[in-house]
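[1] coordinates for the following, if possible.
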Amino acid sequence: MTDPVSRTILLLDIERYSDRDDVEQAYLRRMLYDVTDRALEAAGIDETLRLRADRGDAVMELIDANAPVTALLRALLTEVPSQLRAVNRMASRSAQIRLRGVLATGYVAVDRHDGWVGSDLNHACRLLDARLLRSALRERADDLALCVSDALYAGVVRHDHPGIPAADFHAVTVDSKNGPLTAWLHGPVPASEHGRGRATKDHGERGEEAPGGSGDRPAPTTAHPRGHAESGGRQEGGPAPAGDRGAPAPGAVLHVTGGTVSFGGGYVAGDQHGVSGGNVTGDVIMGGSTDRGERP
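    Model prediction:
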C-alpha cells in the first residue's frame, strides 16, 4: 500500500439509476462521464492530476492536492448544472440524469489491488449516501445536489471566494455508521429533514438580528393615565401633557383640565363654536383661557 497522500475527493452519483433498464443505464453512465470530464476540464484539471474509480452508478475522482479547489467548486456550481440542463432538455423522461455530489478533502492511500483506503474517503462516501442529500435532490427543481465536507468548508468555502458564495451553504449533520458527520449543503435544507435534528446552526458564521432591532421594536401601547383618545374602537397612546417631561408630539392638542368633554351629537360642552359637521377645529382648552378661538 502506498503512503497516504492529501487529495481532493469528488464523488458524483446518478439518482434512481437502478430503476432504469440496461440501455438507459448505459446511456446515463456515458452522460455521467461526459459531465464529469467537462467539469474538470473547465476547472483546469487535466488527466495527469486525477485518478478515477468506477462505482457503476457513480464515479469517484481523486484529485491532486495542488489542483485549484476553488476552480473545481465554481465548475460544480455553474458548469455541471448547465450541462445537466442541456442534456435533459433533449432526453426522454426515462433518460433524465440528476446527480448527487460530494466534494471533500483528506488523506487517501492506494493498495496493491488499486483499491483506495482512507477514513476521509469513507466519510465522503457516507455523505454521498446520506438520506439528507437524497432528500435535497428529490425536493428541488435543480438537477444537482452538492454537499461539501466540514474540512473543505473551513478551508475554502467560508472565505467567500468569487463565484463560491458562502451564504448559499448550510450546515447539516448526517447519520453514519461512524456516528454523526457535519457537512455543508449547497442550497436549501430539505423540508423533510426539518424537525429530525439533521439541520444545525451555521456555527455562528452568520449572525441573526436580535429582537428589538431596527424594524422589530413594538410601538408603545400604554395610554397616559389622565386620558386617552379612541378612534374606531382602537386605543392609542397620546402625547404627553404640557406638565410632563419632554416635548409633546406635533399636531393638534386637546388639553382637558376639568369639566366634561363630549364628542358626538354636534356639541362641545354645549357650545357649537368651532364645530362643523361633528368635527372640532382649532385648539380647544377647557378650564383655562386661550388666545385663539375665544368668542369676544
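[2] buried stuff in the helix or strand harbouring Arg29?
    Element membership for Arg29, per DSSP states H and E: helix 22-42. Within helix 22-42, the residues that qualify as buried are Glu24, Gln25, Tyr27, Leu28, Arg29, Met31, Leu32, Val35, Thr36, Ala39, Leu40, Ala42, counting by 16 or more other C-beta atoms under 10 Å. Where C-beta positions appear, they are placed from N, C-alpha and C, glycine not excepted.
[3] try stretch 142-153
    Buried-residue list, stretch 142-153, by 16+ other C-beta under 10 Å: Asp143, Leu144, Ala145, Leu146, Cys147, Val148, Ser149, Asp150, Leu152, Tyr153.
[4] farthest pair within the residues you listed?
    Largest separation among the buried residues of stretch 142-153 by C-beta to C-beta: Asp143 and Asp150, giving 25.2 Å.
[5] what about the spatially closest residue to Arg112 that is not a sequence neighbour, neighbour count?
    Among residues not flanking Arg112 along the chain, Met1 sits closest, at 6.6 Å (C-beta to C-beta, 6 or more residues apart in numbering). Burial of Met1 is recorded as 10 neighbouring residues (other C-beta atoms under 10 Å).
[6] tell me who's in contact with Met1.
    When contacts are counted by C-beta atoms under 8 Å, 6 or more residues apart in numbering, Met1 touches Ala109, Val110, Asp111, Arg112, Val117.
[7] and for the residue nearest to Ser192 when sequence neighbours are not counted, the neighbour number?
    Nearest-residue entry for Ser192: Ser135, 4.9 Å, with adjacent residues in sequence omitted and distances by C-beta to C-beta, 6+ apart. Residues lying near Ser135 (other C-beta under 10 Å) number 18.
[8] got the contact list for the helix or strand where Ser135 lies?
    Per DSSP H and E: Ser135 is located in helix 131-139. Contact with helix 131-139 is made by 15, 98-100, 102, 127, 144-145, 147, 172, 174-175, 185, 187-193, 198, as judged by C-beta under 8 Å, 6+ apart.
[9] what's the PyMOL line that selects buried ones from those?
    One line in PyMOL is enough to select the buried ones among the contacts of helix 131-139; burial here means 16+ other C-beta under 10 Å:
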select buried, resi 15+98+99+100+102+127+144+145+147+172+174+185+187+189+190+193+198
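[10] what segments of the chain are helices?
    Secondary structure of the chain (DSSP state H): helices at 22-42, 69-74, 80-90, 119-128, 131-139, 150-155.
[11] nearest to Leu11, out of those?
    helix 119-128 (4.7 Å).
[12] show me the shaky parts of the stretch 101-250 of the chain.
    The model of the stretch 101-250 of the chain has pLDDT under 70 over residues 194-250.
[13] repeat the analysis, applying 80 as the threshold.
    By pLDDT under 80, the weakly predicted segments of the stretch 101-250 of the chain are 178, 192-250.
[14] the longest strand along the chain pairs with which strands, and in what direction?
    Secondary structure of the chain per DSSP state E: the longest strand is strand 99-110. Here strand 99-110 has these sheet partners by DSSP bridges: strand 5-14 (antiparallel), strand 116-117 (antiparallel), strand 144-149 (parallel).
[15] what are the buried residues along that strand?
    Residues of strand 99-110 classed as buried by neighbour count (16+ other C-beta under 10 Å): Leu99, Arg100, Gly101, Val102, Leu103, Ala104, Thr105, Gly106, Val108, Val110.
[16] do the same with stretch 114-133
    Buried residues in stretch 114-133, counting neighbours by 16+ other C-beta under 10 Å, are found at 116, 118, 120-128, 130, 132-133.
[17] follow-up on the earlier one: tell me the pLDDT of the residue nearest to Arg112.
    According to the prediction, Met1 has pLDDT 82.
[18] ok, it to Leu32 distance?
    In this view, Met1 and Leu32 are 29 Å apart by C-beta to C-beta, to the nearest Å.
[19] what are the bridge partners for the residue nearest to Gly118 when sequence neighbours are not counted, then?
    Nearest in space to Gly118, with sequence neighbours left out and distances taken as C-beta to C-beta, 6+ apart, is Val108 at 4.0 Å. Per DSSP bridges, the residues bridged to Val108 are Val5.
[20] is Val108 in contact with Arg7, as I believe?
    Yes. Val108 is within contact range of Arg7, at 4.9 Å (criterion: C-beta atoms under 8 Å).
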